[in-house]
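J.: With the sequence up front, the predicted model follows.
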Amino acid sequence: MFEGLEQLPADAILGLMAEFNGDSRPQKIDLGVGVYRAADGNTPILDVVKEAERRLIESQSTKAYLGTAGHASFNMAMQQLIFGDAISDERLTTVQTPGGSGSLRVAASLLKKLQPVSPLWVSEPTWNNHVPLLGGAGLELKPYPYYDTQKHVIRVDAMLDALRAIPQGETVLFHACCHNPSGLDPSEDEWRAITDVVVERELLPFIDMAYQGFSRGLDEDAFAVRHMSGRVREMLVASSCSKNFGLYRDRVGTLSMLAENGESSAKIRSQLSYIARTIYSMPPDHGAAVVSTILNDVSLTAKWHAELAQMRRRLKDMRAQLNDALKAKAPDHDFSHLLRATGMFCFLGISTAQVEALKKDHGVYLVSSSRINVAGVTPDKVDYLAGAIAAVL
């Protein structure tokens, strides 16, 4: 039976990882894989996470299953982190999921039930994995304008015009902050304009927030969610703890649903419970217990804020250092969009052939679209990287 299966191509990012690992050049640089890295090139375990884990080891008394909704204190703490005091708890339902990816997949299954033949509108471009996670659940994805590849700016007017043309009641996916892959986000005034159209067209907003705290700050990065939730009747928010808590392999995320009233919220909870049961049954506990321990302790929360601010500063510093180095080594080219972007990602704005030359001739690995992970840039390799980019221009 298995002989009839087709050999599928390797995932682009995983294939790039394999190539990088097989490269023996000492100056090689990995700008492809989407994980945060410290200045030494490693993905650290946060000190506050280690402290929370020590407390858990000493205090946990069972490894029994969680319910389908996951860790209750984690869900409430995450709901507060995401929404603040923007909306009443009665209208909100938050469940734990296996990472942000699990949140997206659960949401896709619910949307497929609600709108079987209605498309999901996504930014052009959007995170590559939105396609298998959301499209793989049976949703038809349609693009709306977002990023100008020549000017390296958001196409705000074109985006608003496209949103105005979407049929009433359809679902639109937005990136809350640190847009992946462009790194460019709407301003608060632009989010207000987007929200006006969402309300006018009675669209269902679906917000993916994988990088809260990596752009301007925890509250600032939640602006789109909090502003929109105060204006709309219903919305979905997928959140991840992979980046801002560094819990990649522990797979910690949430799906929050805003309903019109408490009765609708109860119906949503029952549907989410059923969907979770049919996909993965119960979410894992450890990472959620770590986050709950941190967010429900004042001193640990303060330590987490400090470590998160340090990560945010490093990303900003690397953008500035790379831009300065490129000014020196490639003065005829403008890379100032590196400074306008936030979070881990942005486009270099070079061709596929130049991306390939970077890999072949200089050991610099990035995906073919020229999206780079700024966290892959380290202070000791900035000049080398800028020289390599200048050499292929």
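T.: Cool, got the structure.
J.: mind listing the helices for the stretch 201-350 of the chain?
T.: In the stretch 201-350 of the chain, helices defined by DSSP state H, counting those that start in this stretch lie at 218-221, 223-229, 262-279, 286-295, 298-329, 337-340, listed in chain order.
J.: Go through those and pick out the most buried.
T.: Among the helices of the stretch 201-350 of the chain, the stretch with the highest mean neighbour count (mean count of other CB atoms under 10 Å) is helix 286-295, at a mean of 24. Every C-beta, even on glycine, is put in place using the N, C-alpha and C of the backbone.
J.: and it, average pLDDT?
T.: Averaging pLDDT along helix 286-295 gives 98.
J.: I'd like to know which elements it is packed against.
T.: Helix 286-295 sits against helix 47-59, helix 72-83, strand 252-258, helix 298-329, with contacts defined as 3 or more CB pairs under 8 Å, 6 or more residues apart in numbering; DSSP states H and E.
J.: Could you dump the ones you listed into TSV and include mean pLDDT?
T.: Formatted as TSV, the helices and strands packed on helix 286-295 follow (pLDDT from 0 to 100):
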stretch	mean pLDDT
helix 47-59	97
helix 72-83	96
strand 252-258	97
helix 298-329	97
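J.: Format those as a markdown table; extra columns: distance to M235.
T.: Output for the helices and strands packed on helix 286-295, formatted as a markdown table (distance: least, CB to CB, whole Å):
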| stretch | distance to M235 |
| --- | --- |
| helix 47-59 | 30 |
| helix 72-83 | 10 |
| strand 252-258 | 5 |
| helix 298-329 | 25 |
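J.: got the helices of the stretch 201-350 of the chain as CSV, with distance to G67 columns?
T.: Listed next are the helices of the stretch 201-350 of the chain as CSV, based on distance: least, CB to CB, whole Å:
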stretch, distance to G67
helix 218-221, 28
helix 223-229, 25
helix 262-279, 8
helix 286-295, 12
helix 298-329, 25
helix 337-340, 44
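J.: Could you check those helices and tell me which one is nearest M17?
T.: Relative to M17, the nearest member of the helices of the stretch 201-350 of the chain by CB to CB is helix 298-329, separated by 20.5 Å.
J.: That closest one - contacts with which helices or strands?
T.: The contact analysis (3+ CB pairs under 8 Å, 6+ apart) places helix 298-329 against helix 47-59, helix 286-295, helix 337-340, helix 382-392.
J.: what about R155, neighbour count?
T.: R155 is flanked by 18 other residues according to other CB atoms under 10 Å.
J.: so it touches Y144, yeah?
T.: No: judged on CB atoms under 8 Å, R155 makes no contact with Y144 at a distance of 9.3 Å.
J.: Got the confidence number for G15?
T.: On the pLDDT scale, G15 gets 83.
J.: how far away is it from P9?
T.: Going from G15 to P9 by CB to CB, to the nearest Å gives 8 Å.
J.: tell me the contacts of R164?
T.: For R164, the contact set (CB atoms under 8 Å, 6 or more residues apart in numbering) comprises 197, 200-201.
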